[in-house]
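Q: only geometry, no sequence info:
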């Protein structure tokens, strides 16, 4: 199955939506593949091990066993940092017909946000389009020139962000974004499934 960045589960009485893609912030102009949770976890693990080596440098005797222990420690630290410190933000939305309620949980790096409201407060799930452009075009041109001089192609570098979001439009005019993607088809699928469950016939789009 193609990775769409979201999943649905449930039956006719309950619907569970999960995703790690719900940010509407502008991405950095730097190549996104170079900066991720794995890199941050690796740097943090290596830094911690270097700190231990400096702290106990006078009592450490380098050997093969010490090397193996260092590798195992690095792996353990990487798992701890990746699982608990640099974990991906995660959103879960629970739609329940039994008590006609919606509960949204947003798990971020250091805190969790919880929202709860009734079906009657929701008008529908709607599509919103967000366009981010970069203002420092001269800087982008310089970086692209340097990359080309080193025979490196940075696909998508400096291109404007065009994001499609699925948002719950409330009757008090608030809009709660629950999914974002550069693929409009994915956002449409999320909106269609939620509106079907909420029994919304017609929904507006931007």
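A: Cool, got the structure. Not measured: the values here are computed from a predicted model.

Q: Determine the next helix or strand in the C-terminal direction from the one helix or strand in the chain whose mean pLDDT sits lowest.
A: The least trusted helix or strand in the chain, going by mean pLDDT, DSSP states H and E, turns out to be helix 137-149, with a mean of 59. Per DSSP states H and E, the first helix or strand lying C-terminal to helix 137-149 is strand 161-170.

Q: average pLDDT for that following strand?
A: If you average the pLDDT over strand 161-170, you get 90.

Q: angle of the next helix or strand along the chain from it against strand 161-170?
A: Next helix or strand after strand 161-170 toward the C-terminus (DSSP H and E): strand 175-181. Put simply, strand 175-181 runs at 140 degrees to strand 161-170, going by axes from the mean of the first three to the mean of the last three C-alpha atoms, to 10 degrees.

Q: Tell me which residues of strand 175-181 come out buried.
A: Residues of strand 175-181 classed as buried by neighbour count (16 or more other C-beta atoms under 10 Å): 176, 177, 178, 179, 180, 181. C-beta coordinates here come from the backbone N, C-alpha and C atoms, glycine included.

Q: what do you get for stretch 112-125?
A: By neighbour count with 16+ other C-beta under 10 Å, stretch 112-125 contains the buried residues 117, 122, 123, 124, 125.

Q: Can you add pLDDT and give these back as JSON lines?
A: Listed next are these as JSON lines, based on pLDDT from 0 to 100:
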{"residue": "117", "pLDDT": "94"}
{"residue": "122", "pLDDT": "94"}
{"residue": "123", "pLDDT": "94"}
{"residue": "124", "pLDDT": "94"}
{"residue": "125", "pLDDT": "95"}
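
Q: Next step: the residues you listed restricted to helices.
A: Among the buried residues of stretch 112-125, DSSP state H puts none in helices.

Q: Make TSV out of those and add distance to residue 198.
A: Shown next, in TSV, are the buried residues of stretch 112-125 (distance: C-beta to C-beta, whole Å):
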residue	distance to residue 198
117	12
122	6
123	9
124	7
125	7
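
Q: where does the chain have low pLDDT?
A: In the predicted model, the chain carries pLDDT under 70 at residues 1-3, 25-37, 87, 108-110, 132-161, 201-206.

Q: Now with 80, please.
A: Across the chain, the ranges flagged by pLDDT under 80 are 1-4, 24-41, 60, 82-88, 108-112, 131-162, 201-206.

Q: need the strands for it, in chain order.
A: 6-10, 14-19, 90-96, 101-107, 112-118, 122-132, 161-170, 175-181 (DSSP state E).
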